[in-house]
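K.L.:
pasted the sequence and its predicted model underneath.
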Amino acid sequence: MTIDGYCTRYGVLVETRLHAIHDCPYAIGIWKCLVPRHDWSSCFSYSLEDWVKMNLLKSYKFMGKWLIGFGMIISRSEIFQMEIRALYDGLIVAWQEGFVQIKVESDNIILIDVVSNEYAVDNNLSKVRLIHTMLARSWQVRLHVPREQNNVAYCIAKMLIGYLNVKCYLVEPP
């Protein structure tokens, strides 16, 4: 991206992040070097929002094939705080980037329940209160726990019972 916001290669008046990584013909040429030819039609037909969500929030390749996953129990008291922090940081980034419609998917039904209900107002965790404040801003945030993600997380957690600080790599989905 340029300092003055003008794309000198292709003459676009406003060079946005979206243009720089997705719409610019130069960027498309780079993506075509990275993405296998047989995936071009489906890869470039999705909007950037769908593409980012599919690749950041799922443990699957573009066409649904399992890549790899891992689970690790750090301590019984820290997991919830880490997930709260991740949710809060993600909302901050989304707000700063100017997104106005966000779909948050989590495998933690308790987290989603705490931040989407009135528990957040009375909760003594400051991050939960901050998340509640973020959710009240002028945007649409949908919180969702997909059943299949909740089941996978449950299976992974069940496999790790009794193994503190042991990372278990999963080559096949549970």
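P.N.:
In hand now; what should we look at?

K.L.:
for I112, grab the count of nearby residues.
P.N.:
Close neighbours of I112, defined as other Cβ atoms under 10 Å, add up to 19. Every C-beta, even on glycine, is put in place using the N, C-alpha and C of the backbone.

K.L.:
sec struct for it, please.
P.N.:
Using DSSP: H, G, I helix; E, B strand; the rest coil, the three-state assignment for I112 comes out as helix.

K.L.:
okay, it: pLDDT?
P.N.:
pLDDT recorded at I112 is 81.

K.L.:
who are the packing partners of whichever helix in the chain runs longest?
P.N.:
For the chain, the longest helix by residue count, based on DSSP state H, is helix 78-96. Using 3 or more Cβ pairs under 8 Å, 6 or more residues apart in numbering; DSSP states H and E as the contact test, the elements touching helix 78-96 are strand 101-105, helix 109-116, helix 126-135.

K.L.:
so which of these is nearest W95?
P.N.:
Ranking these by proximity to W95 (Cβ to Cβ) places helix 126-135 first, at 6.8 Å.

K.L.:
show the average pLDDT along whichever helix or strand comes after the closest one.
P.N.:
Sequence order places strand 140-144 as the next helix or strand after helix 126-135, per DSSP states H and E. This predicted structure assigns strand 140-144 an average pLDDT of 82.

K.L.:
got the angle between strand 140-144 and helix 78-96?
P.N.:
For the pair strand 140-144 and helix 78-96, the angle between their directions (axes from the mean of the first three to the mean of the last three Cα atoms, to 10 degrees) equals 150 degrees.

K.L.:
now strand 140-144 - C-alpha only, CSV.
P.N.:
Once side chains and other backbone atoms are set aside, the C-alpha atoms of strand 140-144 remain, and they are given as CSV (Å, rounded to 0.1, in the frame of the first residue of the first chain):
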residue,chain,number,x,y,z
GLN,A,140,-24.4,-6.5,14.6
VAL,A,141,-22.5,-9.3,16.4
ARG,A,142,-24.0,-12.8,16.3
LEU,A,143,-22.7,-15.3,18.8
HIS,A,144,-23.0,-18.9,17.7
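
K.L.:
buried sites along it?
P.N.:
Neighbour counts using 16 or more other Cβ atoms under 10 Å place 141, 143 of strand 140-144 among the buried residues.
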